[in-house]
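Enquirer: Need the 3D shape of this:
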Amino acid sequence: MIKHPKITANQIISNKEVYQMFSTVKEKAKRNPLFIMEKDNFGTVILSYEDFIQILNGNTEKFNLE
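Expert: This next block holds a predicted model:
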């Protein structure tokens, strides 16, 4: 079964925001993964390197998976 994260509104950004404010996006991604909307669907997830390593090691507690 595939688990999905609980996503809050402040974790959703548009493509346009990513292009216009990339340094801000990088800082936000250090705190929580960000979900980029592309044509009304989630298209990309940006996360910190530390979070990536946690996921690779099977530690997903931080991500509130359902």
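Enquirer: What residues sit buried inside the helix ranked longest in the chain?
Expert: Longest helix in the chain, counting residues (DSSP state H): helix 22-31. For helix 22-31, the neighbour count (16 or more other C-beta atoms under 10 Å) marks 25, 28-29 as buried. For every residue, glycine as well, the C-beta is placed using N, CA and C.
Enquirer: Kindly report the same for stretch 36-54.
Expert: For stretch 36-54, by 16+ other C-beta under 10 Å, it's 36-37, 46-48, 51, 54.
Enquirer: Arrange the residues you listed in JSON lines, one row each, with distance to N10, pLDDT and secondary structure as further columns.
Expert: Formatted as JSON lines, the buried residues of stretch 36-54 follow (distance: C-beta to C-beta, whole Å; pLDDT from 0 to 100; DSSP: H, G, I helix; E, B strand; the rest coil):
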{"residue": "I36", "distance to N10": "13", "pLDDT": "90", "secondary structure": "strand"}
{"residue": "M37", "distance to N10": "13", "pLDDT": "88", "secondary structure": "strand"}
{"residue": "I46", "distance to N10": "13", "pLDDT": "93", "secondary structure": "strand"}
{"residue": "L47", "distance to N10": "15", "pLDDT": "92", "secondary structure": "coil"}
{"residue": "S48", "distance to N10": "16", "pLDDT": "93", "secondary structure": "coil"}
{"residue": "D51", "distance to N10": "16", "pLDDT": "92", "secondary structure": "helix"}
{"residue": "Q54", "distance to N10": "20", "pLDDT": "89", "secondary structure": "helix"}
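Enquirer: Looking at those, which two lie furthest apart in space?
Expert: M37 and Q54 (24.3 Å; C-beta to C-beta).
Enquirer: what are the bridge partners for E38, then?
Expert: N41 (DSSP bridges).
Enquirer: Read off the pLDDT value for it.
Expert: Here the pLDDT value assigned to E38 is 86.
Enquirer: Okay, it and E61: tell me how far apart.
Expert: For E38, the distance to E61 equals 28 Å [C-beta to C-beta, to the nearest Å].
Enquirer: Good, we can wrap up now.
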